[in-house]
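Asker: here is my input, please return the structure:
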Amino acid sequence: MSESRIDVHVKVLDQRVVRRAKRYGLDAVVYAPHFTRLPEIRARARAFSDDDLLVVPGRELFTGSWRDRQHVLAIGLSDPVPDFLTLDGTMAELRRQNAAVLVPHPEFLNVGFDAAAIGRHRATIDAVEVDNAKYWPHHARRAREIADRFGLSAFGSSYAHRRGTIGEVWTAFDESIETEADLVAAFTEDAPRWVQRRRGAIHRARRAAEFAHLGYENSWGKFDRLVLPGRTATHPHHEHYDGRFDELSVY
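Answerer: Numbers count the residues shown, from 1 in each chain. Have a look, this model is predicted:
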């Protein structure tokens, strides 16, 4: 049985990303950009997948309002799900679709699930992120404590917003992952895995650069430009969703 090395959460995808992922020995990456509809993510993932690297489409869903947001990562969605729904509404929809439901960066600054939310949705959650390239050591310790407290499996990712961070942290499964369905099953069936990362001064520098990128990611200006006017295609009132999520929308 062969090991599969998966960078479970990246925000960037182009030929440079693919080349770097292959050079670092990854078998797959999960591409989950913000404020991008599932059909577009799927099309881009197909375009950059080949025999040497699988690109799996994912959605890091932005639940709640800007001020009380909590992110959840879904893999294996059959239907698009918008951002800016209530957390309970989002989790119910992911459960309905039998997606793999992952908690990225728990209690990390102001964008992660808190312990209370994890406890409330424990039955729906498949894994908790215990390391990524934006974490400092105390973040990783806290995330591991949360996973252990709730008896949830772990995963790790680069959480790369910068091309140079791809493959700095990954999850190794003790089985072959060749399709999106394989990865969903690995999470939902609790397949054996290990969270691994690169080491050394260059790795530490890349982690610091990723952490510094949070300044833009959390800026009100970004949100005001993309979301409040309703211009993002993942707003629940967008015509794509035919009003299905209007009652769950927080905006």
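Asker: tell me where the model's unsure across the stretch 51-200 of the chain.
Answerer: Scanning the stretch 51-200 of the chain for pLDDT under 70 picks out nothing.
Asker: walking through it, point out its strands one by one.
Answerer: 54-63, 70-75, 100-103, 127-132, 153-157, 169-173, 193-197 (DSSP state E, counting those that start in this stretch).
Asker: between those, which one is nearest to residue 214?
Answerer: strand 127-132 (11.8 Å; C-beta to C-beta). Glycine gets a C-beta too; all of them are placed from N, C-alpha and C.
Asker: now could you export just the CA positions of the closest one as CSV?
Answerer: This file holds the C-alpha atoms of strand 127-132, laid out as CSV (Å, rounded to 0.1, in the frame of the first residue of the first chain):
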residue,chain,number,x,y,z
ALA,A,127,-11.0,16.3,11.1
VAL,A,128,-9.3,19.4,12.7
GLU,A,129,-6.3,21.2,11.3
VAL,A,130,-3.5,20.8,13.8
ASP,A,131,-0.7,22.5,11.7
ASN,A,132,-0.5,24.9,8.8
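Asker: could you check the angle it makes with strand 193-197?
Answerer: 20 degrees (axes from the mean of the first three to the mean of the last three C-alpha atoms, to 10 degrees).
Asker: tell me what angle strand 127-132 forms with strand 70-75.
Answerer: Using the same axes, to 10 degrees: strand 127-132 against strand 70-75 is 110 degrees.
Asker: need the strands of the stretch 51-200 of the chain in JSON lines with distance to residue 116 and mean neighbour count, can you?
Answerer: Formatted as JSON lines, the strands of the stretch 51-200 of the chain follow (distance: least, C-beta to C-beta, whole Å; neighbours: other C-beta atoms under 10 Å):
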{"stretch": "strand 54-63", "distance to residue 116": "14", "mean neighbour count": "24"}
{"stretch": "strand 70-75", "distance to residue 116": "10", "mean neighbour count": "24"}
{"stretch": "strand 100-103", "distance to residue 116": "13", "mean neighbour count": "26"}
{"stretch": "strand 127-132", "distance to residue 116": "14", "mean neighbour count": "26"}
{"stretch": "strand 153-157", "distance to residue 116": "20", "mean neighbour count": "25"}
{"stretch": "strand 169-173", "distance to residue 116": "26", "mean neighbour count": "25"}
{"stretch": "strand 193-197", "distance to residue 116": "24", "mean neighbour count": "17"}
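Asker: could I get the ones you listed as JSON lines with distance to residue 5?
Answerer: As requested, the strands of the stretch 51-200 of the chain are arranged in JSON lines below (distance: least, C-beta to C-beta, whole Å):
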{"stretch": "strand 54-63", "distance to residue 5": "11"}
{"stretch": "strand 70-75", "distance to residue 5": "16"}
{"stretch": "strand 100-103", "distance to residue 5": "17"}
{"stretch": "strand 127-132", "distance to residue 5": "14"}
{"stretch": "strand 153-157", "distance to residue 5": "11"}
{"stretch": "strand 169-173", "distance to residue 5": "5"}
{"stretch": "strand 193-197", "distance to residue 5": "8"}
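Asker: so which of these is nearest residue 246?
Answerer: Using C-beta to C-beta, the strands of the stretch 51-200 of the chain put strand 54-63 closest to residue 246, at 15.8 Å.
Asker: which one of the strands of the stretch 51-200 of the chain lies nearest to residue 141?
Answerer: Closest to residue 141 of the strands of the stretch 51-200 of the chain is strand 127-132 (C-beta to C-beta; 9.0 Å).
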